[in-house]
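> Please work out how this folds:
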Amino acid sequence: MGNFKFIETPIEGLYIIEQKVFGDHRGYFMETYNFEDFKAAGLDMVFVQDNQSKSKKGVLRGMHFQTQHPQGKLVRVIKGEVYDVAIDLRKGSKTYGKWYGVLLTDENKRQFYVPEGFAHGFLVTSEEAEFVYKCTDFYHPEFEGGILWNDPEVAIEWPLEGIEEVLLSDKDRNAKTLRESKIEFQL
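Numbers count the residues shown, from 1 in each chain. Here you go, the predicted structure:
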């Protein structure tokens, strides 16, 4: 499939994506997205918005979703390292409420595809990180929702070693548990 390797995860629809990196003494070049290659792998989503964030060590952004206009996301790190996580919120899914995480770094150049119907978030594990992502729908703040990052029932195993304090926004600190949110996406 061209310049990409699509790695299935234990949760249907979540993919780790590795791309060929062409490097020499000058640096490197890589393709990060190609509609035809993704379509051949069964990922024929259309992206409408690109975002970028910069965060320092210990920042945890997540676990976010939109109750209407759910977003699929193709995420990667261009500087530093993050632990990226998705929680399945799809009604009737055999993995509803389960999570999967992957380490994304500027060195491994991996990408993570999180389809619609998932909560998504990440923890910065390097001194700082720059994170970029493509979205399949636009941001609608009025439909924003979240699952508490340390919900004991979901039990995400965040790599907290070496992190003195988890830094959260007020929105993320006050998010509901999965049980309290009762969110189930009909897709």
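
> List the contacts of residue 79.
Contacts here follow Cβ atoms under 8 Å, 6 or more residues apart in numbering; on that basis residue 79 touches 54, 106, 128-130. In short, each C-beta sits where N, CA and C put it, glycine included.

> need the longest helix for the protein.
helix 35-40 (DSSP state H).

> Tell me which residues are up against the next helix or strand after it.
Downstream of helix 35-40, the next assigned helix or strand under DSSP states H and E is strand 49-56. Strand 49-56 is contacted by residues 61, 78-79, 124, 127-135, 137-139, 167 when judged by Cβ under 8 Å, 6+ apart.

> what do you get if the cut-off is 10 Å, keeping everything else the same?
Strand 49-56 has contacts (Cβ atoms under 10 Å, 6 or more residues apart in numbering) with 59, 61, 71, 73-75, 78-80, 82, 122-124, 126-139, 167.

> quick one: strands adjacent to the helix or strand that it is followed by?
Next helix or strand after strand 49-56 toward the C-terminus (DSSP H and E): strand 60-66. Sheet pairing here is set by DSSP bridges, and for strand 60-66 it gives strand 118-124 (antiparallel), strand 144-146 (antiparallel).

> Quick check: which ranges of this structure have low pLDDT?
Low-confidence segments of the chain (pLDDT under 70): 1.
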